[in-house]
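# The following block contains a protein sequence and its predicted model.
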Amino acid sequence: MVDAEPLDAVVIGAGFAGLYMMYRLREDGFSVHGFERGDGVGGTWYWNRYPGARCDSEIMYYSFSFLPDLEQEWPLTERYPGQPEILRYLEEVADRLDLRKDFTLGAEVTALEFDEASGRWTLRTAQGHEATARYVVTAVGCLSAANQPAFPGAESFGGVTLHTGNWPRDPVDLAGKRVAVIGTGASGIQSIPVIAEQAAHVTVFQRTAQFTIPAENGPLDEQFVALWKQNYPEWRRRARHSAAGFPYHPSVTSAFEVSEAERRATFEAAWGAGGFTFLSGTFRDLVLDEAANDTAAEFVRKKIDEIVRDPQVAEMLKPRDFPIGTKRLPLDTNYYVTFNRPNVTLVDLKRTPVEEITATGIRTSAGHHDLDVIVYATGFDALTGPLEALGIRGRGGRSLRDAWREGPRTYLGVAVPGFPNLFTITGPGSPSVLSNMPVSIEQHVEWIGEFLSWARERPAGVIEATEQAAADWTDHVQQVAGHTLHPQAASWYMGANIPGKPRIFLPYLGGVGAYRDRCSAVAANGYEGFVLSGEESGLPGERSGDHVTRPGDHRAA
Ligand code: NA7
């Protein structure tokens, strides 16, 4: 069927995760090839080019830790890196490590089938590439399958339709345009203020009001940067053993251990400083205790009153449906104040739902909005969506989609029973989106790399997580989430944004450091929870030869 020589491994995706995984496996002597849907490297930062797209992790630690030279050389100019800067960073990584030659770009994987007889996977792309490999490592990101709601008449719209998570490479000129933004999650909240500066008019279609905290972005002080760079190893170490991959200590104080005045002053200071500190650095119990949470939520609602001039608009912007922090807390630059602009209108979709999209705009139950552009900032089929889109079929031809019908069941978020030799970087059940991603990605990449090197030394051609290990881990993930307020929110963490998706808490809340320790213990105990089988490893570790058939290149057997 596939006439090219089998590979040791394929890597799917060329963002942070795929680039590093490729480098690790290649340097460890595996024959490996990568496939990437985009026409360039960068992953999330290749696709999310919408106005205002920016990382909510500070630039000092939103980077790889395994490249000490680049770490020193890369300029740290702004507190939060924008999309173009992060994309340039990843392109630089790809060039320095000579990784581009190892990837086929513009190659969307649509089928991945496991052959039980040979213990190998066959991969196919929409563009006609095929490859076989012993191992598959997915590096497809957690937020890469765009959620495009099916509004009636959407296809009839005669203007420009855009999605924040799939933004065109060529700049989009919004000057003088009447623009709708549907969605007020992190992407909407970042883009609305920037679009409002360009467009003639912006109509924001809000289904659920969101809490957002000022990013307080700005240039970084040179002395601060120099000091940070001197101490990089220590910052990295702290991040690896932290709760969320940030090199800062979370608060150990309850919101009720202090007086009301002190509490307010603490929130005020965090609001002024900007960033996630508002949640993690103020009080330890904000996402654990409803009363504590209310104090933070009420603080933000008061801020909205102070910032937004029209009391009716302020009221509409105040989140009341979920505890603060149980949906991903966006960081913003000028979000609430943007609603004071004369060219910005807020529509509450809970009061006046969308009835249809017409050739010229959006009709809600209250009337028609004439539009030139509709921007869907409607998020993603998070964590499971990107994996299910790969067309994965494991033992017995069972699809991953079918295996996860009741929700994802993984061992450590990195392996799935019934799908041997498949590893999922930052998969569901791992800290992933609840952490500073490069830290979690590096941990997974290194752990997977070490596992494959370990397996190569043993007569183990097939590696598979046991049903029991996955069941126990999946229970544990839910139990940990159950100790928090998270399950109260209809969030994408819970799968609640996608109609019909099972409600199960998707990432692991147990903390980056604790999770790392758990993975290390699993390895130290001979990869407990995995079964290794097969007569020979079949991994010669060769590094040359043509391993991939290209479109028109393969003959059917
Ligand atoms: P999010 O956070 O999922 O936000 C999507 C927004 O779109 C949110 O306000 C949704 O409202 C809204 N939405 C989704 N479907 C619809 C429909 N059918 N009608 C109206 N409004 C809808 O995605 P983002 O891209 O902003 O952010 C994703 C992550 O990327 C972010 O958390 C960071 O981690 C980076 P809802 O709240 O569901 O009522």
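Perfect, I can see it now.

# Quick check: Glu85 is in a helix.
Yes: Glu85 forms part of a helix when assessed by DSSP: H, G, I helix; E, B strand; the rest coil.

# Tell me how far it lies from Trp74.
In this structure, Glu85 and Trp74 are 9 Å apart, going by C-beta to C-beta, to the nearest Å. C-betas here are computed from N, CA, C, even on glycine.

# So Ser191: helix, strand or coil?
Under the three-state scheme (three-state DSSP), Ser191 adopts helix.

# who are the neighbours in contact with it?
For Ser191, the contacting residues are Tyr50, Pro51, Gly52, Ala53, Thr164, Val181, Val375, Ala377, taking C-beta atoms under 8 Å, 6 or more residues apart in numbering as the criterion.

# Looking at it now. What's its pLDDT?
In the predicted model, Ser191 carries a pLDDT score of 98.

# try the one 3 residues further on
Looking at Val194, its pLDDT stands at 98.

# give the contact list for it.
When the contact criterion is C-beta under 8 Å, 6+ apart, the partners of Val194 are Pro51, Gly52.

# Now do whichever strand or helix holds it: distance to the chain's middle.
Mapping Val194 onto the secondary structure by DSSP states H and E places it in helix 186-198. Counting by C-alpha atoms, centre = their mean, to the nearest Å, helix 186-198 is centred 20 Å from the centre of its parent chain.

# Quickly run through the sheet partners of the very next helix or strand once past that helix, with directions.
Moving toward the C-terminus from helix 186-198, the first helix or strand encountered (DSSP H and E) is strand 201-206. Paired strands of strand 201-206, with direction, are strand 178-182 (parallel), strand 344-348 (parallel) (DSSP bridges).

# circling back to that earlier point, who wins for neighbours among the contacts of Ser191?
Neighbours here mean other C-beta atoms under 10 Å. Within the contacts of Ser191, the largest count is held by Val375, at 30 neighbours.

# gap between it and Val202?
Summarising the geometry, the distance separating Val375 from Val202, computed by C-beta to C-beta, is 9 Å.

# Need the residues touching each of these two.
Common neighbours of Val375 and Val202 are listed as Val179, Ala180, Val181, Ile195 (criterion: C-beta under 8 Å, 6+ apart).

# Quick check: the first one touching Tyr376?
No: with contacts counted by C-beta atoms under 8 Å, Val179 stays clear of Tyr376, the gap being 11.7 Å.

# before we move on, the earlier item: nearest to the ligand, of the shared contacts of Val375 and Val202?
The ligand lies nearest to Val181 out of those, by C-beta to the nearest ligand atom, at 9.3 Å.

# The nearest residue to that closest one once chain neighbours are set aside in helix, strand or coil?
Take Val181 and drop its neighbours on the chain: the residue closest to it by C-beta to C-beta, 6 or more residues apart in numbering is Val375, 4.7 Å away. Classification of Val375 by three-state DSSP places it in strand.

# Identify the residue nearest whichever residue of the stretch 101-250 of the chain sits closest to the ligand in space, chain neighbours excluded?
Closest contact between the stretch 101-250 of the chain and the ligand, by C-beta to the nearest ligand atom, is at Gly185 (2.1 Å). Excluding the flanking residues, the one nearest Gly185 by C-beta to C-beta, 6+ apart is Gly379, at 5.3 Å.

# so how far is the ligand from the one you found?
For Gly379, the distance to the ligand under the criterion C-beta to the nearest ligand atom, to the nearest Å works out to 2 Å.

# re the thing from before, with respect to burial, which of the strands paired with strand 201-206 scores highest?
When neighbours are counted by mean count of other C-beta atoms under 10 Å, the highest per-stretch mean among these falls to strand 178-182, a mean of 25.
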